[in-house]
Every structure is written in C-alpha cells, then in structure tokens.
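**Student:** Okay, structure incoming, though there's no sequence with it:
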C-alpha cells in the first residue's frame, strides 16, 4: 500500500475557500478505484510552521496511485489546488 500525504499553503485571497477545498477532497472518496482511504482537513493551530490544509490518501499499490494522478475525478480537484495554492509539500511511502 502507498500512503500519500500532501500539505498545502493557500494564497491569502483564497483562504475563505478552505472549507470548500476540504469538501472537494472528500468528493473523491469512494470514486477512484484503488484508493482505500482519504482524510482531509484544515489546520487548527495556525502556527508559523503550519500549512493551511492537508490531504492524506491510501492506495492499494503503486499502480493505483499512478492511475490516480490522471483520474477524471481527481483532475478538477488537482486543477483547483494548483490555482489556489502558494506552495505544497508531499511525502509518499509504502505501508
């Protein structure tokens, strides 16, 4: 299995949209073959090292993770995140 973790910094002008961005992530849950789990949420501490939003997904295997990258359900969510983020970091590892 592959765990995919992404944390996003959101541009100031889009911060009010964070609850909708979380909903967009949850809109993918159960719709992508090979995605076993999805969690997402907004930061609650707002410390100087905090990111604004996190996405954690678990995939059956590397092939499912690779297919997710261009899956039609994922593409509009990915496009929106590229528009609203000022930065992101990711970590992907086997579990």
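**Tutor:** Here it is on my side, so go on. Keep in mind that this is a model prediction, so the values were computed, not measured.

**Student:** Residues touching stretch 78-95, excluding its own?
**Tutor:** Stretch 78-95 is contacted from outside by 1-11, 14, 17, 21, 24, 51, 58, 65, using C-beta atoms under 8 Å, 6 or more residues apart in numbering. (Each C-beta comes from the backbone N, C-alpha and C, glycine too.)

**Student:** May I see the PyMOL selection of the buried members of those residues?
**Tutor:** PyMOL command restricting these to the buried ones, with burial defined by 16 or more other C-beta atoms under 10 Å:
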select buried, resi 2+3+4+6+7+8+9+10+14+21+24+51+58+65
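
**Student:** Next, find the distance separating residue 31 from residue 84.
**Tutor:** 21 Å (C-beta to C-beta, to the nearest Å).

**Student:** Give the residue from these two that has the larger number of neighbours.
**Tutor:** Higher neighbour count among residue 31 and residue 84: residue 84, with 19 against 12, using other C-beta atoms under 10 Å.

**Student:** so what's the backbone phi/psi at the more buried one?
**Tutor:** Dihedral angles phi and psi of residue 84 (degrees, to the nearest 10) take the values phi -100, psi -10.

**Student:** swap in residue 90?
**Tutor:** Taking degrees, to the nearest 10, you get phi -140, psi 160 for the backbone angles of residue 90.

**Student:** ok, back up a step: what about the contacts of stretch 78-95, which are in strands?
**Tutor:** By the criterion of DSSP state E, membership of those in strands covers 2-10, 58.

**Student:** Now flag whichever of the residues you listed is closest to residue 35.
**Tutor:** Residue 35 has its nearest neighbour among the ones in strands among the contacts of stretch 78-95 in residue 58, at 7.3 Å by C-beta to C-beta.

**Student:** ok, now which residue in the protein is the farthest from the centroid?
**Tutor:** residue 48 (20.9 Å; C-alpha atoms, centre = their mean).
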